[in-house]
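# Test case, fold it:
(one chain, ligands or ions: 1)
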Amino acid sequence: MRVEAVVFREFGGPEVLEVEPVDISEPEAGQTLVRVLAVSVNHLDLEIRAGVSRMPIRLPHVLGREVVGEVIKVGDESSSWRPGDRVVVLPHVPCGSCRHCLTGSANICLNGWMPGIHAWGGNAEVMLAPTRGLVAAPDLDPVEIAALPIGFGTAWRALHHTAHVVSGEWVVVAGASGGLGHACLQVAALAGARPIALVRDPAKADFVKMCGAEEVVLTTDAGWPDRVREITNGRGAEVIIDHVGGANFVGSVKALADRGRLVVAGGHGGEFPPLDLIDVFRRELRVLGVRSQRPDDVAIALEMAARGSIQAHVAEVLPLAETRAAHELIDTRTITGKVVLRP
Ligand SMILES: [Zn+2]
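Model (predicted):
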C-alpha cells in the first residue's frame, strides 16, 4: 500500500524530515495494518532524528510512538480485531516471555518493541503494528487519546507502583507543567495525595493548579527545598517525582522527608548529580528508578480519561505535513502540553 509518510534518510535538524510516498507491506501473521488518526510528538523523537538517542535506529526511518488509529487489516484471521476498530498502539510492547515480563516488570522488558524506534512508527497515514501491541481506544477524540499513553501511563507506574503513594502524602512533582509532570499532578491528586508543583516560570502557576497542584514552588529560587519544608511543616515531602535530574535532584534530596521516596524518571538536566550517602542512610531515603509503562498502566490511563478523571493537555494540533514545525515547537520548550499530528 502506497501512503504518505514523514521520512528521514540522515540524522540532523528538522530539515531532514521529508513528506513522501512510501510502500507499507501487507500485514503478516501477528501484524495489523492501522490507519493513523492521531500521533503525538515526543522529545525523544527529536533526539532520534538528531541521532543522539542511543537507540538502534535504521535509516530511512519514520518516527511516531503514541499512535491512535483504526484497524484496516489484521494479519491472522484468529484475531478478534476487525476492520474499523479504534485502537491505541502501545508505545512499548513487551515480549511477554523474558524474566522481567514474567515477574511483573514488563516496563523494563529485555526484548520490548517500540513503534518509531524498532520499526517505522505513526508519522504516516498508515503503519504496521504488532497485533498484541493494540488496545481498544476509548470513545474520545483521537487527538486527546494520543496525548495519554506515555505521560499518564508512566505517571501511573511511578506513583502507584514505584512510589506506592497513599492518600494525604505530599508529592513534589518536578517539571510540573511538562508532559509527564502535568500527568503526575493529576494522578497524585486522584490518589488523594497533596501535589506540590515545581515550575521555573511563574506564568505556568495557573496551569499546574488546574492540574491539581495544591502549592506551586518556583525552582528559579535556589532555596526551593526550604519552601517545600515550610509547606510540609518542616517534614519534607514523602514522595518526589524527579525527571529533571542535575541541580533539581540535589534539591529533591534536600526537600525529601526522612524515609521519603525519590522517584527518578529521567535526567536531562544532568545525569551525574552529587549525592551525599550519609544523608541517604541516616535518613533512610529511598532513590527509586522508573522506566516507561506497562500495558496495564496505559489501559488504566485510557480508562481514567474515558471517565473524565484525567485529561491530557494538548497545546497544538498540526497536519502531518507540518512535522518539521512540530519538532521546532517542541525544541523551544516554551509550549505547555502535547503536540499532536493528524495525518
Ligand atoms: Zn519481556
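# Check the residue of the stretch 151-300 of the chain found nearest the ion and give its pLDDT.
In the stretch 151-300 of the chain, the residue that lies nearest the ion is Arg294 (10.5 Å; CB to the ion). Placement of C-beta: from N, CA and C, glycine included. Looking at Arg294, its pLDDT is 97.
# could we number from 85 for the rest of this?
Fine by me, first position is 85 from now on; the one you just mentioned is Arg378.
# Test my guess that it contacts Asn191.
Yes: counting by CB atoms under 8 Å, Arg378 touches Asn191, with 4.7 Å between them.
# who touches both of these two?
Residues touching both Arg378 and Asn191 (CB atoms under 8 Å, 6 or more residues apart in numbering) are Pro178, Arg241.
# So what's the residue count around Leu282?
By the measure other CB atoms under 10 Å, the count of residues near Leu282 is 29.
# and the helix or strand encompassing it, how far from the chain's centre?
If you go by DSSP states H and E, Leu282 is part of strand 278-283. Put simply, strand 278-283 sits 18 Å off its chain's centre (CA atoms, centre = their mean, to the nearest Å).
# ok now the next helix or strand after it, how far from the chain's centre?
The element immediately downstream of strand 278-283 (helix or strand, assigned by DSSP H and E) is helix 289-294. Centroid separation for helix 289-294 versus its chain: 20 Å, with CA atoms, centre = their mean.
# Over to stretch 160-179?
So, by CA atoms, centre = their mean, the centroid of stretch 160-179 is 20 Å from its chain's centroid.
# List the buried residues in it.
By 16 or more other CB atoms under 10 Å, the buried positions in stretch 160-179 come out as Ser163, Trp165, Asp169, Arg170, Val171, Val172, Val173, Leu174, Pro175, His176, Val177, Pro178.
# Run through the helices of the stretch 135-284 of the chain in chain order.
Under the criterion DSSP state H, counting those that start in this stretch, the stretch 135-284 of the chain contains helices at 226-230, 233-240, 263-274.
# Now mean neighbour count and mean pLDDT too, for these, in TSV please.
TSV is the format used below for the helices of the stretch 135-284 of the chain (neighbours: other CB atoms under 10 Å; pLDDT from 0 to 100):
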stretch	mean neighbour count	mean pLDDT
helix 226-230	23	98
helix 233-240	28	98
helix 263-274	27	97
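# Now tabulate those in a markdown table and tack on distance to Val347.
As requested, these are exported to a markdown table (distance: least, CB to CB, whole Å):
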| stretch | distance to Val347 |
| --- | --- |
| helix 226-230 | 25 |
| helix 233-240 | 10 |
| helix 263-274 | 9 |
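# Let's have the ones you listed in JSON lines, adding distance to the ion.
Output for these, formatted as JSON lines (distance: least, CB to the ion, whole Å):
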{"stretch": "helix 226-230", "distance to the ion": "25"}
{"stretch": "helix 233-240", "distance to the ion": "17"}
{"stretch": "helix 263-274", "distance to the ion": "23"}
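# before we move on, the earlier item: which one of the buried residues of stretch 160-179 is nearest Val106?
Nearest to Val106 among the buried residues of stretch 160-179 is Val173, at 17.5 Å by CB to CB.
# In contact with the closest one, which residues?
Counting by CB under 8 Å, 6+ apart, Val173 makes contact with Val118, Val151, Val152, Gly153, Pro199, Gly206, Met211, Ala213, Gly217, Leu218.
# and the gap between the closest residue to the second one other than its chain neighbours and Gln377?
Spelled out, it's Val151. Leaving out its chain neighbours, the residue that sits closest to Val151 by CB to CB, 6 or more residues apart in numbering is Gly206, at 3.4 Å. Counting by CB to CB, to the nearest Å, the separation of Gly206 from Gln377 is 17 Å.
# which one of the two has more residues nearby?
Gly206 (32 against 27).
# Quick check, pLDDT for the more buried one.
Taking Gly206 on its own, its pLDDT is 98.
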